[in-house]
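Enquirer: sequence? don't have it. structure:
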C-alpha cells in the first residue's frame, strides 16, 4: 500500500502526536451476513460468513421533480465489515452523498427511498419507526458532513452542540455532558479544549471546525462512522492532519469507517476496500491493491489514468471523454457506454449486473459477464 500512496500523493510523514489519550474500548461483533445474500455484492463474501457492520442491498433513492424522476441512487449494494475502512469513490454527482443520507434516512422531498434494505445490527433501518431511527443516528451510526461551517449551528456554542448529543443519546446531565465534551475535544487534539466549549463556530478556523465535527460524531462512540468528504473544504496541509487524525481515532475508538470521497489520493491513504460509483450505481468493488493495480471496469481504469504520477518522465494526463449521463434520461444498456472506448453491442441494449470475480471482487461490466 505504501507504494500506491507514494505514486499518487508522494511520500507523507506525520509528526508523532504529543497528546496521550487513553483508548476507548473496541466494540465487538455487530452482526453477520451470510454468503447467500443477493445483490451487487452487498452483504456477500466469497470466503463465507463474515462479521458485517452494515449491509446495503439494492438501495434506490429517486428525486421526483417537475421534469421527471432522477434516479440518483439506483440499485446500490455494498457491505462494511467490522473494523475496516471502505471508500466509496466517484466523481461529483455519482450518488455518493445521497447513498450516505439514505443509509441514515436523512433524504428529504423531492427525494424518496424507493426500495432496498439497509441492514445494521440485524435490523433493516428502512423499516424502523422514526423514534427508533433517531436513537440510532449519532449513537450507533454517526456522520461527518462535508462542510463544517454549514453543519455547525452559528447560534450555539461548541460545548452546547456536543453536549446536546450526549444528553440525548447517553442520558448525561448538563454537568457531565460538558465535562465529557471537553474530553472529546481533547481526543481530537484541540488545544485548550475547555476554553473552546464556550466559543462559537465563527471563532474557529476551518480545520478546528472540522475537528469539532469529528468530536461530535465520536462523542457517543458509534459503531459505524460515515465521513462524507471530510477534507473537501480544507487546504492540503490541514487535509493531511485531519486524515491522520481520523485514522488514529478509528483505532483508538474502535469504530468502523465508510469514507466518501472523490480523491483517489485520500483513498490510497485510508482505505482497505474500495467501491467505485458511477451514475448512481456501484460499478466495481475490490481491495485497495486490486482496484489500484488491476482495475477491471473501464471507468475505474479511466479514473486511475487521469492522475499524474510523481515519478520520472513527463506526466501525461488522460481524460475520460464525454460527460456523466443525465439521470433524468440515462442511456440504455450500460450507463458508461457513451464514454467507454471498449464497449460492445451487448452494452447498447441491456444494463449489466454485478458479477463476482471471486475473492470479494465484483464488477458491473458486460466484458466480464459473458
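Expert: Noted; the coordinates are in hand. Because the structure is a prediction, the values reported are computed rather than measured. Residues are numbered from 1 along each chain as shown.
Enquirer: Please name the residues that touch residue 161.
Expert: If you count contacts by Cβ atoms under 8 Å, 6 or more residues apart in numbering, residue 161 has them with 152, 153, 212, 216. Where you see a C-beta, it was placed from the backbone N, CA and C, and this is true even at glycine.
Enquirer: for the protein, what spans make up the helices?
Expert: Under the criterion DSSP state H, the chain contains helices at 2-9, 96-103, 130-136, 148-151, 158-170, 174-187, 193-196, 206-218, 236-253, 264-270, 288-293, 298-305, 346-349, 366-369.
Enquirer: Could you provide those in CSV, with additional columns for mean pLDDT?
Expert: Written out in CSV, the entries for these read as follows (pLDDT from 0 to 100):
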stretch, mean pLDDT
helix 2-9, 41
helix 96-103, 96
helix 130-136, 93
helix 148-151, 81
helix 158-170, 93
helix 174-187, 93
helix 193-196, 93
helix 206-218, 90
helix 236-253, 85
helix 264-270, 91
helix 288-293, 95
helix 298-305, 92
helix 346-349, 84
helix 366-369, 78
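Enquirer: Would you mind putting the ones you listed into CSV with distance to residue 331 alongside?
Expert: Formatted as CSV, the helices of the chain follow (distance: least, Cβ to Cβ, whole Å):
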stretch, distance to residue 331
helix 2-9, 30
helix 96-103, 20
helix 130-136, 36
helix 148-151, 34
helix 158-170, 44
helix 174-187, 47
helix 193-196, 51
helix 206-218, 38
helix 236-253, 35
helix 264-270, 25
helix 288-293, 25
helix 298-305, 14
helix 346-349, 9
helix 366-369, 14
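Enquirer: Between these, which one is closest to residue 119.
Expert: For residue 119, the closest of the helices of the chain is helix 96-103, at 10.5 Å, according to Cβ to Cβ.
Enquirer: Distance from that closest one to the middle of the chain?
Expert: Average the C-alpha atoms of helix 96-103, do the same for its chain, and the two points are 9 Å apart (Cα atoms, centre = their mean, to the nearest Å).
Enquirer: going forward can the numbers begin at 24, since that is how I track them
Expert: Fine by me, first position is 24 from now on; the one you just mentioned is helix 119-126.
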